[in-house]
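Novice: give the three-dimensional model of this entry:
(chains A, B and C)
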Amino acid sequence: MTATEDHAGGPGDMLPGLRAVVDDSRAKAAATRTRRAAEAQPAAVDPVARVLVDVQLAHLDRPFDYTVPASMAESAVPGARVKVRFAGQDVDGFVVARAAASEHPGRLAPLRRVVSAEPVLTPEVAALVAAVAERYAGSRSDVLRLAVPPRHATTERQPSPPAPQLAADPPAAGEAWSAHEHAATFLTHLASGGAPRAVWNPPPGADWPLLVAHAAALTVAGGRGVLVCVPDGRDVERVSAALDSVLGPDHHVALTADSGPAQRYRQFLRVSRGAARVVVGTRSAAFAPVRDLGLVVIWDDGDDLHAEPRAPYPHSREVLLLRAEQQGTAALVGGFARSCEADYLLRTGWARPLVASRDHVRASVSVAVVPGEDRAIATRVPSAVRDLVRSALEQGPVLVQTPRHGYVASLACERCRTPARCRVCAGPLLLAGPASPPHCRWCGHQELGWACSECGHRGLRAPVLGDARTAEELGRMFPSTTLRTSSGDHVRSSVADRPEIVVATPGAEPVAEGGYAGVVLLDTWLTLARADLRTDEEALRRWLGAAGLVRPGGRVIAVGDPAHPALQALVRWDPAGFADRENDQRLATHLPPAVRLATVTGEPGAVDDALTLLAPPDAAEVLGPVPVEGAGSGEVRLVVRVPRALGASLSHALGELQRVRSARKLDAVRVQVDPPTL
DNA sequence: ATGACCAATTGA
DNA sequence: CAATTGGTCATG
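Specialist: Numbers count the residues shown, from 1 in each chain, chains lettered A, B, ... in the order given. The predicted structure follows:
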């Protein structure tokens, strides 16, 4: 409507209803004019907003300046979500800072809209996101997606109830930690606001969630916040319960992937608003905006669940260590096992060991290894194991750990034991389930009418079986004992203190109230049979994880080769010595963590371009490109490694590669720094 | 990415 | 000589 039309007829000519509409539209037009004017008018104080725009392109991964309209002066705070015009499009972004002036020589565009004045990206987390992006040669926008959960407007409108008052007297942490040498020093520093850093290996049977809760309570009593990262939801539950028992209810939040968007955002806001000072969660929690962070804890850092599967694939341990460094916090890198990376922290002097004395460990558990009996005998349970189970059942529950289905080695002829091989490619045959035909592990060919190449027999046997068959076998051996299984999609979180047998796959072991009277580790040779860099480290981690659930004075028995170094480390309960020796080997063979290693994967042409663009440090070793293993993707992979001290320059070179590649519109390649497997 | 801009190339 | 295409550059 134009001004002329506006005044075309007198108001008296109009019907009352129509007149109201016109008045209303006039008022709206006026309001629009004033709003436009206000927008054109920049804010009186700090009229420049530095904005991180959510754009995928690597070379645009830096802040851009916008003017802050006066109307947004109060709401466009650092950390707020905004919409801005960028390269002709409306894109999302975060305000990372406000400034009095801009370095940018051209005209600045105004912020389009403040989506929410809630400061969800704190300066500390923004700095962490930048460091993680740099470390993993990724973009900040990718890391931001991992760090800040999606907004939930309804939830945001609700206030976050503050945590109740702390009990005046936090329970004695020193007593809980008394089995550990040097614990008093560590805890004293922690309580007084210091930043002690430790690699922590509790003795078998230790109630580690309770120890974490005590360390957290000391930190909170000293006026600082705590962040705990654990591998999975069950561990979150355990630590959560321990925190409730030590701190009282409502002092912490639990962040897990499987809560819905509203619940997730509510918990996030409780943290960012300072209503809760302690956070426990799975890997995404590593970015939680805990106020005045004083302590970071990672439990079982060797578990591959800590490795983020989305670009740029950061590992919780590295995120937390970067954070401890940036924010000057204390750190606890804990687990029954000691990862090579944790051992490296001790070698460089970055952290100190926090472990129980040998005497205490010896008194806590006895571990034995027995060789497997003749495989022709149709049982996997040697008599020594049977005896241990029988006597342990008189005291309480018994845990039996059995390798997963996925680890089943090749099938063999039922009669002559000749390994069954694929007729197409001679790969090993596997059984996916009881009803499906055997298939080849290499080419996937389904073998319908298999017959043994040696004797012509048509029956197959699996030399090693999954948890269901193990349970069956044990059921026949102990017919009057209750038998439970925990694996795959029916994971049990705990079992009562009753004489029963619990068969579980690695990582799915239930906790026993009061601990297991006995722990049995079956088929250890199978876990060791995988061909991977970390096979031995991973095998020992799994065994220690199960054996750690034993009660003080309980017994552990493993079936396998007593001469194997990993099993010897188990018998001596020596995660430290094992990690140390393993790291010596890594050093000699130029493998992580002694070196920093990265891969570049993609189409052959794209990887070729990347290779010419990459300017790695002089000492870098470039291997490949070689075709990626696994059925015909056609992709190739480049491996680049440098001495550990040059890790940062390698990361930087790879980041630069991605920026140049993206600016020149070359085909994408996937860069992975510290890939968990190779 | 997307759009702007410039230069070289093509067609009448 | 204009129209078209391809490359480079910036994005606030």
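
Novice: tell me the first helix or strand C-terminal of the host helix or strand of residue A:132.
Specialist: According to DSSP states H and E, residue A:132 maps onto helix A:123-135. Counting by DSSP H and E, the next helix or strand C-terminal to helix A:123-135 is helix A:140-147.

Novice: contacts for the next helix-or-strand element following that next one next, please.
Specialist: For helix A:140-147, the following helix or strand on the C-terminal side (DSSP H and E) is helix A:153-157. For helix A:153-157, contacts defined as Cβ atoms under 8 Å, 6 or more residues apart in numbering pick out A:116, A:118, A:262, A:265, A:266, A:269. Yep, even glycine has a C-beta here, placed from its N, CA and C like the rest.

Novice: next, count neighbours for the closest residue in space to residue A:581 that isn't next to it in sequence.
Specialist: With sequence-adjacent residues excluded and distances taken as Cβ to Cβ, 6 or more residues apart in numbering, residue A:581 is closest to residue A:565, at 7.2 Å. Neighbours of residue A:565 under the rule other Cβ atoms under 10 Å: 14.

Novice: that older thread, just the buried ones among the contacts of helix A:153-157, please.
Specialist: A:118, A:265, A:266, A:269 (16 or more other Cβ atoms under 10 Å).

Novice: from DNA strand C, how far out is the closest residue to the first one other than its chain neighbours?
Specialist: Put plainly, it is residue A:118. Of all residues not flanking residue A:118 in the chain, residue A:156 sits nearest, at 5.7 Å (Cβ to Cβ, 6+ apart). To DNA strand C, residue A:156 is 26 Å away according to Cβ to the nearest atom of the strand, to the nearest Å.

Novice: next, the buried residues of stretch A:150-157.
Specialist: Using 16+ other Cβ under 10 Å as the burial criterion, the residues of stretch A:150-157 that qualify are A:151, A:152, A:155.

Novice: can you show me the CA trace of it as CSV?
Specialist: What follows is stretch A:150-157 as a C-alpha-only set of coordinates in CSV (Å, rounded to 0.1, in the frame of the first residue of the first chain):
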residue,chain,number,x,y,z
PRO,A,150,20.8,-28.3,19.2
ARG,A,151,18.6,-25.7,20.8
HIS,A,152,15.3,-26.6,22.3
ALA,A,153,13.3,-23.4,22.7
THR,A,154,10.7,-24.6,25.2
THR,A,155,13.4,-26.0,27.4
GLU,A,156,15.4,-22.8,27.2
ARG,A,157,12.5,-20.7,28.5
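
Novice: all strands of the stretch 351-500 of chain A, in order?
Specialist: Assigned by DSSP state E, counting those that start in this stretch, the strands in the stretch 351-500 of chain A fall at A:352-355, A:365-370, A:398-401, A:412-413, A:429-430, A:439-440, A:460-461, A:482-486, A:494-495, A:500-504.

Novice: distance from the fourth one to the middle of the chain?
Specialist: Taking Cα atoms, centre = their mean, to the nearest Å, the mean C-alpha location of strand A:412-413 is offset from the chain mean by 40 Å.

Novice: then the first one?
Specialist: Here strand A:352-355 is found 23 Å from its chain centre; the criterion is Cα atoms, centre = their mean.

Novice: just to revisit the earlier point, so what's the residue nearest to residue A:581 scoring on pLDDT?
Specialist: Looking at residue A:565, its pLDDT is 95.

Novice: can you pull the residues of the stretch 151-300 of chain A lying near DNA strand B?
Specialist: Contacts of the stretch 151-300 of chain A with DNA strand B, taken as Cβ under 7 Å from any atom of the strand, are absent.
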